[in-house]
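1. Let me see the structure of the following:
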Amino acid sequence: MSRDIAEQLSQLSSITHQIGPDASWVSDQRSTMIARIQGTADLSVSASSASIGEKILSFFTLFVPKQFTFAARPFMIVFLSFAVILGSWGVRVASANSLPGEFLYSVKRADEYAQIALTTDTTKKVK
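-> Residues are numbered from 1 along each chain as shown. Take a look at the predicted model:
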């Protein structure tokens with residue numbers, strides 16, 4: 001019995017050495033893999049040469065649809081405009097009581113010069 005099993009195993013091993021994939025399938029798979037590897041290599045080269053702005057934009061476009069960006073653009077412009085205006089006003093108010101040598105004193109001086117430049121009445125300019 002064990003001799004039959006050993007003989008069958010030897011026949012099976014000789015058969016498996018003869019069985020192989022079709023040559024056309026191998027060449028198709030090889031060309032597909034090479035194309036994929038070259039495609040990822042091209043992407044990695046272009047990704048490394050992309051600027052930081054392009055990388056942020058590509059990351060942003062992954063999660064936000066284009067229609068939303070076109071609809072949200074006016075709202076973002078208004079929001080950012082208000083943020084800049086309120087931020088500038090906050091810095092101006094914070095610098096109102098600053099003294100020479102402090103960090104915001106130059107902002108206070110610039111504010112005073114701007115007020116003088118925008119004043120049309122000469123008596124108010126003297127004050």
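
2. quick one: low-confidence parts of this structure?
-> 1, 16-18, 41-48, 125, 127 (pLDDT under 70).

3. Just the strands from it, written as ranges.
-> Under the criterion DSSP state E, the chain contains no strands.

4. Grab the most central residue of it for me.
-> In the chain, the centroid-proximal residue (C-alpha atoms, centre = their mean) is I56; its distance is 2.0 Å.

5. In contact with that one: list those residues for me.
-> Residues counted as contacts of I56 (C-beta atoms under 8 Å, 6 or more residues apart in numbering): none. Just so you know, the C-beta spots here come from the backbone N, C-alpha and C atoms, and that holds for glycine as well.

6. so how far is I116 from it?
-> From I56 over to I116 the distance is 42 Å, taken as C-beta to C-beta, to the nearest Å.

7. and if you look at G39?
-> G39 sits at a distance of 64 Å from I116 (criterion: C-beta to C-beta).
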